[in-house]
Every structure is written in C-alpha cells, then in structure tokens.
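A.B. asks: Here is a sequence with its predicted model. Questions after.
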Amino acid sequence: MLVNVKGCLRWASALALCCAWCAAQATPLTYVVNRDDSNVSVVDVVNKRTVTTIPAGMAMPQEIAISPDGCLAYLSSVWSATIAVLDLGKHQLLAGIPLNQVSNGVVFSPSGALAYIDTNTPRGGAIAVIDTATHQLVRTFPVSPHNTRGMAIHPDGSRLYALEQHRDPDVGQVAVIDPSSGTVLERIGVGTDASDIQVHPAGTLAYVVNRESRQAHGTVTVINTRTHTVAATVAVGKHPSRVAFHPAGNQAYVTNSGDGTVSVIDTASHAVVGVIEVDQTPQHVVFHPAGTHAYVSNPQRNSLSIIDTATQEVHGAVTVGSAPWGVALASNGLETATPQGTNGLEAGSVVAGKPIPISGVWAGLLLLVVSMTALHRHGQKLMG
C-alpha cells in the first residue's frame, strides 16, 4: 500500500495549527466589576490589557458570577433590586431581572440551569431561584430571620451555604440549605462579621472568612461539609475580605483589605504558609483555570494585580475602571453541547472549554508529527 507521506505531513501541520488556534481562542478572559463606573472591564490577562467594557445596566454593581458554560454573567449589588445578565459572547447587556429586593451574590447550579440569588427582605434573608434559560424568577424561599451576606454551593449541587448576619456581634452562623426543598437543615457556628464563604473543589471543606471586627486580625473558619462541624480556625491578616481555592485544591488565597496582603493557606494543614503583599484594600481574588496565576481587585488603585502562584509574587497589574470589586474568569470559544447518553451528562448541558494539557491532545499531536516525520525519512532511505 502506498502512503502519501508528504500529504500526511501537510495534514498533521494543518492540524497542529488548528489546535493552536483553538487553544488561543480558549484563553480565559477576566471580568472585573467597576462599582463606581457601573460597568465591567473585560481583561486579557496574558497581554495585561483591557479589551473592552460592558455596561452593567444597574447602579453600583458589586458581585459577578459566570455560568458553567462561560456564556453568561450575572451581576448583583446591595444597591440594586435587579440582577443584570451579560452576554459574554457578544460582550453586551442581555437582560435585567427584577427581584424587588437587593441582592448579595449569585451562584449557579452545576448544570447552569438555575441561579440562586442571596437576597435580603424585610423579613430577613431569602434565596431567589432563577431559570437561566428564560431569566425568570421561579420561586423564593426564606433562609433566616436575620439578613444574609454571601452564599456558596457544593460542587454536586446538593447543598447551599448562606452566611447569616446576627445583631449580636459575637455570633456568626452558616445556614446549610437543601436547594431542592428550600429547607434549612442546620446551622454551624463560625467567627464574627463573616464576609465570604467558598467550598473546596473536592466538596469536603468550606472556608468562611471572618473579619473579626473587634480584633487586630481576622480568621478563617474551616468547616467539614460531611459532618457540618468546625475542623479548624486559621488566623489571617487584618480585615480579611474574600477567599478562593487554587484549582488543585492544595491552597486557598485570602485577601486582607486591612493590611494590603494575601494570606496563602495550605488546605491540608490549615496553616498560613505565605503572605503576599499586593496593594491597598484588596478585595476579590480568583485563579487562572490552570492555577498558574491569581488575580486580585484593588478598589483604591483601580487595578487588577496579577500574582504568579509559583513564586507567590505580584508580576504586574492591569488598569481597569473605578473601584473594581467582583472578579470572575471564563474560557470562551470551546464550549460543546453534549446530549445525554454520550458521557453521562444531562441533555442540553454545556461543558466549558479548558486549556489543553500537554499530557493530552498536544502530546498525541506531537507524537503523530514525530512519527510521520520518521516515516517520511525512512521512506526516503528505502527509495534511495
């Protein structure tokens, strides 16, 4: 059998260029909410520049959450009774969802079919449920007679965790909620003046940031999500604000707005293993999907700091809008709809594009090119 070696090599080269183009299209973009400008900066973190801005469609937006497919962003604010919906493909405002009460934050169900909105009503904290296909309010269920301040969802979608704001400064609690029924299953005591909660990628732990207003430094309460008990308390910097987990789950970064630092916590030992100096009053922090960098919003400097997670040092910053607050990342360009039955995902679910690992497609492609090159050379020797 004759093999057109040169044709195969041309095909392999074309495939390599195509894969490289696709990988470039999947480069994550960072979305930074500019509270005073009422817009969102779209930042190319690789080239350290702002690509464009998107009108927020609401006054003083604060928080941003991106749907699992990377197509939509929901904006919320304690100053507005509306949720703004952004189309990230077109970089434009898509819709506004009236809630009749202000909101603290948004989390999406794992499939992206529902969005849960943490709201405060005259009767206390409640969670509004939005159908993301229609952007319509489905239902609202009460959580606490006290106001709530932030929320997180378990990776499998089985539990919601809401921070309760009690009038007693010495009391702090997390309400554990069944999202299907809206029932509060139990409450877990944490530190005071809690400002953020996030669940570990494995779902085994939850970290609660406590500002601890009466003390010089804040703390992080570590919750075992299986037993709903406190596993540890970690001392961090002054007036901590937000926490984010490294994609590998081995570390957590906590922004300390009172001393301009980021505390690095080892999630195995629950101990601070590093402190990174960033800028004045850092707020939100998010990680690159590959875990190579972290990005921190600095409201007083109108900038986004870029941290190299290998060296735990700041490697530059990007100027954004006025008073940047919430930050989120999305990989655009490689979303794929997967019908049910092909790999166990639900029908109509969307898998967000991820950077192609060198051990996967790229390794196979490299092996193919090398093999075809060797075959070409061997054929030349035989014919010579």
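C.D. replies: Nice, thanks for sending it over.

A.B. asks: any idea whether Gly191 is helix, strand or coil?
C.D. replies: With DSSP: H, G, I helix; E, B strand; the rest coil as the basis, the three-state label of Gly191 is coil.

A.B. asks: Give me the number of neighbouring residues for it.
C.D. replies: 21 (other CB atoms under 10 Å). Glycine gets a C-beta too; all of them are placed from N, C-alpha and C.

A.B. asks: what does the one 10 residues further on give?
C.D. replies: Neighbours of Pro201 under the rule other CB under 10 Å: 15.

A.B. asks: ditto for Ser103
C.D. replies: Ser103 has 26 neighbouring residues, counting by other CB under 10 Å.

A.B. asks: For beta bridges, what are the partners of it?
C.D. replies: Beta bridges link Ser103 to Thr119, judged by DSSP bridges.

A.B. asks: so who does it touch?
C.D. replies: Glu63, Ser76, Ser77, Val78, Ser80, Ala81, Ile83, Ile117, Asp118, Thr119, Asn120, Ala128 (CB atoms under 8 Å, 6 or more residues apart in numbering).

A.B. asks: One more: Val199?
C.D. replies: Contacts of Val199 by CB under 8 Å, 6+ apart are Ala152, Ile153, His154, Pro155, Tyr161, Leu205, Ala206, Thr225.

A.B. asks: In CSV: those residues, plus secondary structure.
C.D. replies: CSV is the format used below for the contacts of Val199 (three-state DSSP):
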residue, secondary structure
Ala152, strand
Ile153, strand
His154, coil
Pro155, coil
Tyr161, strand
Leu205, strand
Ala206, strand
Thr225, coil
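
A.B. asks: Now do the same for the residue nearest the centre of the chain: its pLDDT.
C.D. replies: The centroid of the chain falls nearest to Ala328 when counting by CA atoms, centre = their mean (5.2 Å). pLDDT for Ala328: 97.

A.B. asks: So what sits opposite it in the bridge?
C.D. replies: Going by DSSP bridges, Ala328 forms beta bridges with Tyr31.

A.B. asks: Could you list the buried residues of stretch 243-262?
C.D. replies: 243-247, 249, 251-262 (16 or more other CB atoms under 10 Å).

A.B. asks: From those, which land in strands?
C.D. replies: Of those, the ones assigned to strands by DSSP state E are Val243, Ala244, Phe245, Gln251, Ala252, Tyr253, Val254, Thr255, Asn256, Thr261, Val262.
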